[in-house]
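**Student:** what follows is a predicted structure for the sequence shown.
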2 protein chains.
Amino acid sequence: MALIVQKYGGTSVGSPERIQAVAERVKRWHDQGHDIVVVVSAMSGETNRLLGLAKAITPDPDPRELDVMVSTGEQVTIALLAMALMKIGVAAKSYTGTQVAIRTDSAFTKARIEAIDDVRMRADLNQRKVVIVAGFQGVDDEGNITTLGRGGSDTTGVALAAALKADECQIYTDVDGVYTTDPRVVPQARRMETITFEEMLEMASLGSKVLQIRSVEFAGKYNVPLRVLSSFGEGNGTLITVDAEDDMEKPVISGIAFNRDEAKLTVRGVPDTPGVASRILSPIGDANIEVDMIVQNVSADGSTDFTFTVARGDAKKAQAVLELVAKDVGARELVSDDKICKVSLVGVGMRSHAGVASKMFATLAKENINIQMISTSEIKISVVVEEKYLELAVRALHTAFDLDATAA
Amino acid sequence: MALIVQKYGGTSVGSPERIQAVAERVKRWHDQGHDIVVVVSAMSGETNRLLGLAKAITPDPDPRELDVMVSTGEQVTIALLAMALMKIGVAAKSYTGTQVAIRTDSAFTKARIEAIDDVRMRADLNQRKVVIVAGFQGVDDEGNITTLGRGGSDTTGVALAAALKADECQIYTDVDGVYTTDPRVVPQARRMETITFEEMLEMASLGSKVLQIRSVEFAGKYNVPLRVLSSFGEGNGTLITVDAEDDMEKPVISGIAFNRDEAKLTVRGVPDTPGVASRILSPIGDANIEVDMIVQNVSADGSTDFTFTVARGDAKKAQAVLELVAKDVGARELVSDDKICKVSLVGVGMRSHAGVASKMFATLAKENINIQMISTSEIKISVVVEEKYLELAVRALHTAFDLDATAA
């Protein structure tokens, strides 16, 4: 029998009926003899309703008071789920972040968990009670209510699993797992049985937004087995694990991520002198623009081309900054292009396999897709191509790297 | 400069706009140099919304979990009011019942306050902060959230005033004070400047539902000056005090209460033997029916008539119980009448004034109103009359006892 932490998001607990469905699911696991700790979010829409009340009072609400208010959303859900479990004969008890206690620092609206007291939860589990904990919230040393900010409920689930040394942390969402790529682009995309934390981080940051990055980092750090699965259907979902056991069957490439939200800026004819890259990028950073890929090629005639990508919404602002800088560093020309996209192969398997990059480039060449930029890391290869080729590129690569689902 | 506890009910904080109006009112008091502690209820409608969610899950929700859920209503209001105060430049800090802490027993949904910790509140007041406390809720020794049940927020206000030894506890409602009688019945009804706790208890239990009885008892017990006033208009409201200072101007009668929700049951021809009253009333109590007035007259021929009143909704049930009992005690006849009402004169002044009763009876006789029952206590005389005479009786008495407002 295992100790399992289950986390259900706002859509999964969005109505009394859905809360009852969650209770039935929890009961099935509990009936199998497992000890269950459940973390829940606020009912979908509730947090926005509360924020709306605050905005009606002031555009700039005090963060401490905002946390007092917003934390009520999860507090309502824990009570409703406890009632629903008791109604179907399962002993259950709810806890707010304060009651557990989930100790955090005092950074209201974006607090970080420092410690979790497991005494009360252990006592309840020993009595075969289901323990229900409000996600997203904690309490600081002065007894102030805090919230964890974005992705907070996932983080609560992982942190509880770490504190309780749970056998698994299950994150229930509206998708049934992590896919080799977006099924809307590649109908043959396959659900992965497992994926490593590193791969998951690359997939997530590249646009496969199944889990909040912070909770994945947290799970990796504390070695908590994390499973993503659907709160509406059945199935095993996708297990996120530490570096894969040496699995001979494991494919070289795990998945293909892509991102349309990119724009490319090139400064041509930059004098190839030390410090020039920093002189170009510092003003960009100062303007609070995040830079993604950066490519600079070798110098031909004492000058070089410097290219980087930013989020598409930042392109105009970046160009305005660059126009000043380009003059300053003596560059010849400034070119920007927001009709691009990024396609990335992700897989820990490529560490030990040569030839992934050349196979990728050959596949794209066969489809007459021109590669504009290339960037690599240990478990990822990214290319920038014209946006109109996105679907074609992803489908061709999905087939070439044997990711297509076999017909059932 | 005084320490004042102010309590605002659900209607007074029913929208962001009204919360801002409360903030303005609090600021005016604070600007005068007073130390202010504010107790608030949930926004009107919110508690019913939450109870509706619970009822959608189960008709019989667990009381502990109900309190976890329902207590969020006040938690939202304290945060919004704190934000509204800070927006207009008043330092403020909110506290849940757990945070204060307001210690209660563990009787979920109807807990009783046992102790209040004033350390945090004192520290804030010393820094000239307005302290905002969630009404209606507390925390038990195990850290469970409790609620106080009916009238809970008034009780929180009085209990905080007692714990802090406040100079005054102000209860803001949608009426501007306690009136000599219902102004809808007697247009000349006057707002009282003061009323004693005892009078207030008699007025409240007789149907002038301005304050929850429990909070008035509490205020009397701990000698907390209580003031009822309007959260929408201006004015001094009505101050509820310990036994009135010997005020020569104080009228004999303070007010006239009445209640239409009464039914009368008479058991005729009961053998006048010891224990017969108890044999009649015990089965009524066993059936959970509350009895109000009880009258038994002297015996004439070894048998007597026994009459009592109950809430009108209980009349049928009481009659069914009595039919069995009447046979049992050998009574001759059973008569019930629900076309009656009760009219009561209330005033500590009548203690020292003879002739109040005879003046009352004479006034009613002059209007040809027949008195069916009479019952007296130290500061109250109640009569039961036909319901159709209610307005006439109250107006005649209001004039006869000099309660009418003089034309301004």
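**Tutor:** Perfect, thanks for sending it. Numbers count the residues shown, from 1 in each chain, chains lettered A, B, ... in the order given.
**Student:** look at A:Val39 and give its secondary structure.
**Tutor:** strand (DSSP: H, G, I helix; E, B strand; the rest coil).
**Student:** report how many residues lie close to it.
**Tutor:** Look at A:Val39: counted by other Cβ atoms under 10 Å in any protein chain shown, it has 32 neighbours. From N, CA and C alone the C-beta is placed, and that goes for glycine too.
**Student:** contact partners for it?
**Tutor:** By Cβ atoms under 8 Å, 6 or more residues apart in numbering or on different chains, A:Val39 lies in contact with A:5-8, A:132-135, A:153, A:156-157, A:160.
**Student:** closest residue of the stretch 251-400 of chain A to chain B?
**Tutor:** In the stretch 251-400 of chain A, the residue that lies nearest chain B is A:Asn288 (27.1 Å; Cβ to the nearest Cβ).
**Student:** and that residue, how far from A:Gln212?
**Tutor:** 22 Å (Cβ to Cβ, to the nearest Å).
**Student:** ok, those two, which is more surrounded?
**Tutor:** Comparing A:Asn288 with A:Gln212 by other Cβ under 10 Å, the one with more neighbours is A:Gln212, at 19 against 8.
**Student:** that one against A:Gly157, yeah?
**Tutor:** No: counting by Cβ atoms under 8 Å, A:Gln212 does not reach A:Gly157; the two are 10.4 Å apart.
**Student:** what sits against the nearest residue to A:Gln372 once chain neighbours are set aside?
**Tutor:** In this structure, A:Gln372 finds its nearest non-sequential neighbour in A:Val384, 4.6 Å apart by Cβ to Cβ, 6 or more residues apart in numbering or on different chains. Going by Cβ under 8 Å, 6+ apart, A:Val384 touches A:262, A:264, A:293, A:309, A:340-342, A:371-374.
**Student:** now, the residues you listed that are in strands?
**Tutor:** A:262, A:264, A:293, A:309, A:340-342, A:373-374 (DSSP state E).
**Student:** from those residues, which is closest to B:Pro251?
**Tutor:** B:Pro251 lies nearest to A:Glu262 out of the ones in strands among the contacts of A:Val384, by Cβ to Cβ, at 83.8 Å.
**Student:** contacting residues around the closest one?
**Tutor:** A:292, A:309-312, A:338, A:340-342, A:384.
**Student:** now do the worst-scoring helix or strand of chain A on mean pLDDT: which elements does it pack against?
**Tutor:** When the helices and strands of chain A are scored by mean pLDDT, DSSP states H and E, helix A:197-205 comes last with a mean of 81. In terms of contacts (3 or more Cβ pairs under 8 Å, 6 or more residues apart in numbering or on different chains; DSSP states H and E), helix A:197-205 is packed against helix A:213-221, strand A:238-241, strand A:255-271, strand A:333-346.
**Student:** doesn't the residue nearest to A:Gln372 lie inside a strand?
**Tutor:** Yes: read with three-state DSSP, A:Val384 is one of the residues of a strand.
**Student:** name whatever forms a beta bridge with it.
**Tutor:** Beta bridges link A:Val384 to A:Lys342, A:Met373 when assigned by DSSP bridges.
**Student:** what segments of the stretch 1-150 of chain A are strands?
**Tutor:** Taking DSSP state E, counting those that start in this stretch to define them, one finds strands in the stretch 1-150 of chain A at A:3-8, A:35-40, A:92-95, A:102-104, A:113-116, A:130-134, A:137-139, A:145-147.
**Student:** which residues of chain A lie near chain B?
**Tutor:** A:16-17, A:19-20, A:50, A:53-54, A:56-58, A:61-62, A:64-66, A:68-69, A:71-72, A:75-76, A:78-80, A:82-84, A:86-87, A:93-94, A:96, A:98-99, A:143-145 (Cβ under 8 Å from any Cβ of the partner chain).
**Student:** of those, buried ones?
**Tutor:** A:16, A:19-20, A:50, A:53-54, A:56-58, A:61-62, A:64-66, A:68-69, A:71-72, A:75-76, A:78-80, A:82-84, A:86-87, A:93-94, A:96, A:98-99, A:144-145 (16 or more other Cβ atoms under 10 Å in any protein chain shown).
**Student:** so which of those are in helices?
**Tutor:** Counted as lying in helices by DSSP state H, out of those, are A:16, A:19-20, A:50, A:53-54, A:56-57, A:64-66, A:68-69, A:72, A:75-76, A:78-80, A:82-84, A:86-87, A:98-99.
**Student:** tell me where the model's unsure across chain A.
**Tutor:** Residues of chain A meeting the criterion pLDDT under 70: A:150-151, A:205-209, A:243-250, A:299-300, A:407-408.
**Student:** outline the domain layout of it.
**Tutor:** A:3-241, A:255-400 (automatic domain parsing).
**Student:** and the end-to-end length of the shortest one?
**Tutor:** This points to domain A:255-400. 12 Å (Cα to Cα, to the nearest Å).
**Student:** kindly report the same for stretch A:107-118.
**Tutor:** Across stretch A:107-118, first to last residue, Cα to Cα, it's 23 Å.
**Student:** which of the residues in that stretch are buried?
**Tutor:** Buried-residue list, stretch A:107-118, by 16+ other Cβ under 10 Å: A:108-109, A:111, A:113, A:116, A:118.
**Student:** so which pair among those residues is furthest apart in space?
**Tutor:** Longest span within the buried residues of stretch A:107-118, Cβ to Cβ: A:Thr109 and A:Asp118, 25.9 Å.
**Student:** list the contacts of A:Glu142.
**Tutor:** A:Ser106.
**Student:** now it: how far from A:Phe108?
**Tutor:** 12 Å.
**Student:** A:Ala79 now?
**Tutor:** In terms of Cβ to Cβ, A:Ala79 sits 24 Å off from A:Phe108.
**Student:** A:Ser254 now?
**Tutor:** From A:Ser254 to A:Phe108 the distance is 38 Å (Cβ to Cβ).
**Student:** ok, A:Ile171 next?
**Tutor:** A:Ile171 is 25 Å from A:Phe108, by Cβ to Cβ.
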